[in-house]
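**Q** Next come a sequence and a model predicted from it.
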Amino acid sequence: MAITSWIRTFPLVQYLIAWTQEIFMSVLKTGPVPQHVAFVMDGNRRFARRRKLEVREGHSAGFESLAHILEMCYQVGIKVVTVYAFSIENFKRPTVEVDALMEIARTKLLQIIHHGDLADRFGISIRVLGQRSMIPPDVLAAIDKSTEMTKRNTTAILNICFPYTSRDDIATSMREIVTKSEKHELDPETIDERLLEQHMFTKDCPPLDILVRTSGVERLSDFMLWQSHQNCTVEFVNCLWPEFEPWRFGSILLKWSRSKAVEYRKMEMERDQKQL
Ligand code: FPP
Ligand code: MG
């Protein structure tokens, strides 16, 4: 066990960490809070390799890290969190790894909808975005159960992209529009950016404010390509996803919040000057 993990086993240390986090979160809530944040949870296998663990254990550690980050997101008041849990490309990985990821998704989805767990505590509606036809029946049953059980929750949303790629999202949206157009349900003349957006998996979500990718790799890997518009902040973090601790995310939120506060003040000043 690493020394930092060992120190964290002491109740007093845990209490101090929780207390510091609460104060930090109260500070964060006083400024602008993003509405929609997305994560590319990269680096689980490298984490496993470095600690001589099985790949499956790396992904399980990735889920634990996700649970902590989600808790922080919903505590500060972020409305929508979108995570890249499984890319369509991930089907090319060894069967044993694909099976492990499917099993983690199945069990963890059922876990987070338990009474008193994440979805219940924060009023989260769970949505799974991507190609349903590629998902094995037992995992699909867990997805349907978790989405059905949480569909009336209105405080927050958790979008789990699984199996997903942005280009598939855009192609799916186009296909739906063409089908509607062929059935004369819409006029092809009305096809524009907004219409495409209204047919994407993220259709009823607020615009993406922050996209975070861990592991030091600086690319989007076919995730949120459409949604990462000009006002979206992209942050590449040089640590592996299972080591992405809440304080790291907190500093990203603080930076974003400060820049937004400056932006809003500037807009207010410009508006005041126009009124003079
Ligand atoms: C990328 O790291 C991570 C994944 C492909 C899987 C992420 C999935 C989870 C954390 C579980 C999520 C589960 C639910 C229910 C939301 P990598 O495998 O590419 O690692 P590497 O970059 O070190 O090779
Ligand atoms: Mg990777």
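**A** Structure received. Quick caveat, the model's predicted, so the values are computed rather than measured. Ligands and ions are numbered 1, 2, ... in the order given.
**Q** Flag the shaky bits of this protein, pLDDT-wise.
**A** 1-5 (pLDDT under 70).
**Q** can you give me the helices in the stretch 151-276 of the chain?
**A** Using DSSP state H, counting those that start in this stretch, the helices found in the stretch 151-276 of the chain span residues 166-182, 193-198, 246-275.
**Q** Any idea which of the ones you listed gets closest to L16?
**A** helix 246-275 (12.9 Å; C-beta to C-beta). Quick note: C-beta positions are derived from backbone N, CA and C, even for glycine.
**Q** Run through the neighbouring helices and strands of the closest one.
**A** With contacts defined as 3 or more C-beta pairs under 8 Å, 6 or more residues apart in numbering; DSSP states H and E, the packing partners of helix 246-275 are helix 11-29, helix 55-76, strand 210-213, strand 233-236.
**Q** ranking the ones you listed by burial, who's on top?
**A** Mean neighbours per residue, mean count of other C-beta atoms under 10 Å, is largest over these for strand 210-213, with a mean of 22.
**Q** and V55, how far is that from D42?
**A** Taken as C-beta to C-beta, to the nearest Å, the spacing of V55 relative to D42 amounts to 14 Å.
**Q** And for K92?
**A** On the measure of C-beta to C-beta, K92 and D42 end up 16 Å apart.
**Q** residues in this protein within reach of ligand 1, list them.
**A** Proximity of the chain to ligand 1 (C-beta under 6 Å from any ligand atom) is limited to residues 41-46, 59, 62-63, 66, 83, 85, 90, 101, 104-105, 108-109, 160, 215.
**Q** out of the residues you listed, which are inside strands?
**A** Those of the residues of the chain next to ligand 1 mapping onto strands are V83, I160, per DSSP state E.
**Q** Which residue does the stretch 101-250 of the chain have closest to ligand 1?
**A** Closest approach between the stretch 101-250 of the chain and ligand 1, counting by C-beta to the nearest ligand atom: K108, at 3.9 Å.
**Q** what's near enough to touch that residue?
**A** Listed by C-beta atoms under 8 Å, 6 or more residues apart in numbering, the contact set of K108 reads F63.
**Q** Kindly report the same for T150.
**A** T150 sits next to I113, A119, I124, S125, I126 when contact means C-beta under 8 Å, 6+ apart.
**Q** Any chance of CSV for these, columns neighbour count?
**A** Putting those into CSV (neighbours: other C-beta atoms under 10 Å) gives the following:
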residue, neighbour count
I113, 21
A119, 24
I124, 24
S125, 19
I126, 22
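**Q** still on that earlier bit, switch the helices of the stretch 151-276 of the chain over to CSV; also include mean neighbour count and distance to A156.
**A** Formatted as CSV, the entries for those read as follows, by neighbours: other C-beta atoms under 10 Å; distance: least, C-beta to C-beta, whole Å:
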stretch, mean neighbour count, distance to A156
helix 166-182, 15, 21
helix 193-198, 13, 21
helix 246-275, 13, 16
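**Q** Okay, the closest residue to L28 other than its chain neighbours and R271: tell me how far apart.
**A** Beyond its immediate neighbours in the sequence, the residue positioned closest to L28 (C-beta to C-beta, 6 or more residues apart in numbering) is V76, lying 5.0 Å away. In this structure, V76 and R271 are separated by 28 Å, where distance is defined by C-beta to C-beta.
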